[in-house]
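Peer 1: The following block contains a protein sequence and its predicted model.
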Amino acid sequence: MSTMALETLHDPRYPLAVLISGGLDSAVLLCEAAEHRPWVQPIYIRAGTWWEEAELRQLRRFLDAVRSPRIRPLVQLRVPVDDLYGEHWSLTGQRVPDQDTPDEAVYLPGRNLLLLGKALVWCHLNDIPELALAPLSANPFPDASPEFFDLMQETVNRAVSGRVRIIWPYLHLSKAEVIRRGSRYPLVHTLSCMRPGPGGTHCGRCNKCAERRRAFAEASVHDPTNYDA
């Protein structure tokens, strides 16, 4: 069984791969793991989303700012979804869910299925025993549940005769709680926007920008984000 205890992030026995997006949650996860693990391997998976280049620029800035001998150079993998999603808003940047939409509006079908499949096989081939990702308590999607993670882990390991474990230590935390845990890190270099502007500014109008603003306010932590609106 995979596990959700925060203590799993602090296990000093094993290196850890972190599925990182450039957003707040996975950035904090990476840094917190690097304080305890022998070393951590950030993995970014390119899917062809509209915000991908801006996200990668911010992620590189973040990694430069938190440079540590325990954080290995970023690995990039590819799982293009244009042949699946077609004219979806995540690929075109058009009709992006705005600040008044529910969380369900930003669902990307099968996203964790696709990302985890590739990342788990990569970990298996590179002898990394654990892979972490950062879904939170408010995540309503079917591919972010404990049951899904357990089944995904079992299926991929059976397919490759592997033993890689999935951990998801933030699943019972809110975004505000994650911000409090990570307030000492350079969160200004993270991106939570589906229509970022030039230079990685946040649009200030999309669903994810609204979520980010609310979380900083709830956490009572200064929001360093540059919003366009």
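Peer 2: Perfect, thanks for sending it. None of the values given here were measured: they were computed from a predicted structure. Numbering: from 1, shown residues only.
Peer 1: Ignoring the adjacent residues along the chain, who's closest to residue 14?
Peer 2: Leaving out its chain neighbours, the residue that sits closest to residue 14 by C-beta to C-beta, 6 or more residues apart in numbering is residue 129, at 5.1 Å. C-beta: built from backbone N, CA, C; applies to glycine.
Peer 1: So, low pLDDT: which residues of the protein?
Peer 2: Across the chain, the ranges flagged by pLDDT under 70 are 1-4.
Peer 1: the strands in it, which residues?
Peer 2: For the chain, applying DSSP state E gives strands covering 16-19, 40-46, 75-78, 130-132, 165-167.
Peer 1: Show me what the second one is packed up against.
Peer 2: Taking 3 or more C-beta pairs under 8 Å, 6 or more residues apart in numbering; DSSP states H and E as contact, the helices and strands that strand 40-46 lies on are strand 16-19, helix 24-34, helix 52-65, strand 75-78, helix 111-125.
Peer 1: What is the burial count for residue 150?
Peer 2: Neighbour count for residue 150, taken as other C-beta atoms under 10 Å: 14.
Peer 1: again, but for residue 171
Peer 2: Look at residue 171: counted by other C-beta under 10 Å, it has 19 neighbours.
Peer 1: Would you quantify the distance from it to residue 143?
Peer 2: 13 Å (C-beta to C-beta, to the nearest Å).
Peer 1: for residue 176, same thing?
Peer 2: From residue 176 to residue 143 the distance is 24 Å (C-beta to C-beta).
Peer 1: farthest residue from the center of the protein?
Peer 2: residue 161 (26.4 Å; C-alpha atoms, centre = their mean).
Peer 1: In TSV: the helices and strands packed on strand 40-46, plus mean neighbour count.
Peer 2: Formatted as TSV, the helices and strands packed on strand 40-46 follow (neighbours: other C-beta atoms under 10 Å):
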stretch	mean neighbour count
strand 16-19	25
helix 24-34	25
helix 52-65	18
strand 75-78	13
helix 111-125	19
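Peer 1: Residue 111 versus the closest residue to residue 63 other than its chain neighbours, what's the distance?
Peer 2: Of all residues not flanking residue 63 in the chain, residue 74 sits nearest, at 6.2 Å (C-beta to C-beta, 6+ apart). Counting by C-beta to C-beta, the gap from residue 74 to residue 111 is 20 Å.
Peer 1: my guess is residue 19 meets residue 26, correct?
Peer 2: Yes - counting by C-beta atoms under 8 Å, residue 26 is a contact partner of residue 19 at 6.7 Å.
Peer 1: between these two, what contacts are shared?
Peer 2: Common contacts of residue 19 and residue 26, defined by C-beta atoms under 8 Å, 6 or more residues apart in numbering, comprise 133-134.
Peer 1: Now for the closest residue to residue 48 other than its chain neighbours: which residues touch it?
Peer 2: Once flanking residues are discounted, residue 48 sits nearest to residue 80: 4.8 Å by C-beta to C-beta, 6+ apart. Residue 80 makes contacts with 46-48, as judged by C-beta under 8 Å, 6+ apart.
Peer 1: Which one (most neighbours) among those residues?
Peer 2: Highest neighbour count within the contacts of residue 80: residue 47, with 20 neighbours (other C-beta under 10 Å).
Peer 1: if I look at that residue, how far off is residue 174?
Peer 2: From residue 47 across to residue 174, the span is 26 Å (C-beta to C-beta).
Peer 1: Share the number of residues neighbouring the residue nearest to residue 63, please.
Peer 2: Neighbours of residue 74 using other C-beta under 10 Å come to 14.
Peer 1: and if you look at residue 163?
Peer 2: So residue 163, with other C-beta under 10 Å, has 10 neighbours.
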